[in-house]
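>>> need a 3D model of the sequence below.
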Amino acid sequence: MQTVLSNNKTVIIIGSGVGGMATAIRLASEGFDVAIYEKNPVPGGKLTAFEMNGYRFDAGPSLFTQPENIEELFELAGEPIEKYLSYKPIEIACKYFFENGKTVNAFTDKNKFAEELKEQFNEDPLNVIRYLNNSEKTYNNIGKVFLNHSLHNWNTWLHKRILRALGATRLSYLFKSLNRFNVKSFSSPKTVQIFNRFATYNGSSPYKAPAMLSLIPHLEQNLGTYYPQGGMISITNALYRLAVSKGVRFYFDKPVEKIIHDQKKIIGVVVNGETLNADIVVSNGDIYFTYKNLLKQDLKAQKLLKQERSSSAVIFYWGIKKQFPQLQLHNIFFSDDYENEFDNIFKAKTLSNDPTVYINITSKVESTQAPEGKDNWFVMVNAPTNIGQNWDTLKKQLKKNVLLKLSKMLGEDIEPLIEVEHTLDPVLIEKQSASYMGSLYGTSSNSKFAAFLRHANFSNAIKGLYFCGGSVHPGGGIPLCLKSAKIVSALIQDQK
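Residues are numbered from 1 along each chain as shown. As a prediction, this is how the structure comes out:
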């Protein structure tokens, strides 16, 4: 085990989401004295789990890509990852179901995926190979630079890597929507729909978000999809155990009430009316609530709302007393009118009557996740953020629409098979994870320069105040939250 001498600087991290714990691990490994204050009784933020009548459900994120982001934490901490976390690659990243009866296995072998699309939709395999190769180049030449470094630090822009990244950036990446880009890339509308779907990975619409998001398929289709033994909660448990092993102190059921600063410098935080001093404070909470509730800066909080919030979700956790051999770990049942679905979400602020339905079934990979002969269905539909809609009414109608769709496309009445049920909606998402309006990824990418408008990972006004997690640069989702932790840690160490 690696031994690191303390540098005596104290760090308080607000929130024990993936980004908060990763930041804690990095700083503790460099000798900082780190404590995390969490309002919930358990770590993980959105990445939690629960059990009902023998069915185990991951409550939040269900897709695991780029395990190297986590491997790097264990290497830095001097700990073998095998002691904490085990995972394996999945051959089929996702199985897609269409209303016309066609199905597509999205193999993580690009050649097999290309042949599958040729067989189902007569898509030229060269189109698919070319697209995925370009996705890789875009990620390596542009994405790595902008996702791994602070865009708000002048040192980033003075480095020669920025010139290379800018040189690789096509105008079409910024000024074409992802949908327009995909329409030009493929001959089949169904192939376009599959690749349009990747805009939802940061809560955006493919009809508004820029074509730069075409780099996302590289992460899933080229680099591969993985399953962590024990489900996604295993990632939370591994990070928690690693943080504790590095001396990080966790305080659960301890919501931070206020961030204290004086003369543009951090003093600490207030918890249960008590002032706790710190040299550095890192907020892993939603940036809007950080300014509004913890810094008491209403004007700054309102300014953040000029950026459109990302989509939210309605999730049904269903214990199904049957197994469907045609389903995979990840499954998508597409809407027949994809554009109308996004118009409903982002314009009408409601749910489509023909929603796209995502089903994650961890018992397909690990049978102990459900009782014998049964499956645990995590059924998710993209939804608008909460603006006061009647969610009870919307969820009731949505359940009918989802059951009708799945029963038709799977050829069997699903409702009688549901043994247990729990639901999550935008109101509950905000309550449980303090994500303003229930948005899953902070702000959307539904504008050309959304990536540049995300909040910085540090405060210009208050020395010693930093931000990580899905609502700041570089964005939401497990890989990007882990990257935000790396950016924050580097910024803090630069200030030592």
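
>>> and the closest residue to P67 other than its chain neighbours, how far from G476?
Nearest residue to P67, sequence neighbours excluded (CB to CB, 6 or more residues apart in numbering): Y226, at 5.6 Å. No exception for glycine: its C-beta is placed from N, CA and C like everyone else's. Distance, Y226 to G476, by CB to CB, to the nearest Å: 19 Å.

>>> these two: which has the busier surroundings?
Between Y226 and G476, counting by other CB atoms under 10 Å, G476 is the more crowded of the two (27 against 15).

>>> so that one belongs to a helix, correct?
No. In this structure, G476 is coil, not part of a helix, as judged by DSSP: H, G, I helix; E, B strand; the rest coil.

>>> ok, it to F181 distance?
G476 sits 22 Å away from F181 when distances are taken as CB to CB.

>>> kindly report the same for N446.
15 Å.

>>> and the helix or strand where L403 lies, how far out from the chain middle?
Element membership for L403 (DSSP states H and E) is helix 391-410. In terms of CA atoms, centre = their mean, to the nearest Å, the centre of helix 391-410 is found 25 Å from the chain centre.

>>> any chance you could list what contacts that helix?
97, 99, 314, 316, 324, 326, 333, 350-351, 353-355, 357, 359, 379, 381, 413-415, 423, 425-427 (CB atoms under 8 Å, 6 or more residues apart in numbering).

>>> at 7 Å what do you get?
97, 314, 316, 324, 333, 350-351, 353, 355, 357, 379, 381, 413-415, 423, 425, 427 (CB atoms under 7 Å, 6 or more residues apart in numbering).

>>> repeat that for stretch 55-72.
Residues from elsewhere that reach stretch 55-72 (CB under 7 Å, 6+ apart): 46-50, 81, 85, 87, 219-220, 223, 225-228, 231-233, 235, 317, 319, 330, 360, 362, 369-371, 376, 378, 420, 477-479, 482-483.

>>> do stretch 356-373 as well
54-56, 58, 62, 227, 229, 231, 319, 323, 327-335, 341, 375-382, 402, 405-406.

>>> okay, how far is it across it, tip to tip?
Separation of the first and last residues of stretch 356-373 by CA to CA, to the nearest Å is 27 Å.

>>> list the buried ones in it?
Neighbour-count burial for stretch 356-373, counted by 16 or more other CB atoms under 10 Å, picks out 356-364, 366, 369-371.

>>> what is the mean pLDDT for that stretch?
For stretch 356-373, the mean pLDDT works out to 98.

>>> what's the first helix or strand after whatever helix or strand F50 lives in?
Element membership for F50 (DSSP H and E) is strand 49-52. Sequence order places strand 55-58 as the next helix or strand after strand 49-52, per DSSP H and E.

>>> can you show me the CA trace of that following strand as PDB?
C-alpha atoms of strand 55-58 as PDB (Å, rounded to 0.1, in the frame of the first residue of the first chain):
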ATOM      1  CA  TYR A  55     -35.300  -8.600  -6.600                       C
ATOM      2  CA  ARG A  56     -32.300  -6.300  -6.600                       C
ATOM      3  CA  PHE A  57     -32.400  -3.000  -8.500                       C
ATOM      4  CA  ASP A  58     -29.700  -0.500  -9.300                       C
END
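
>>> direction included, what does it pair up with?
Strand 55-58 sits in its sheet next to strand 49-52 (antiparallel), going by DSSP bridges.

>>> the partner strand: how far from the chain's middle?
Counting by CA atoms, centre = their mean, strand 49-52 comes out at 20 Å from the chain centroid.

>>> try stretch 195-209
For stretch 195-209, the distance to the chain centre is 13 Å (CA atoms, centre = their mean).
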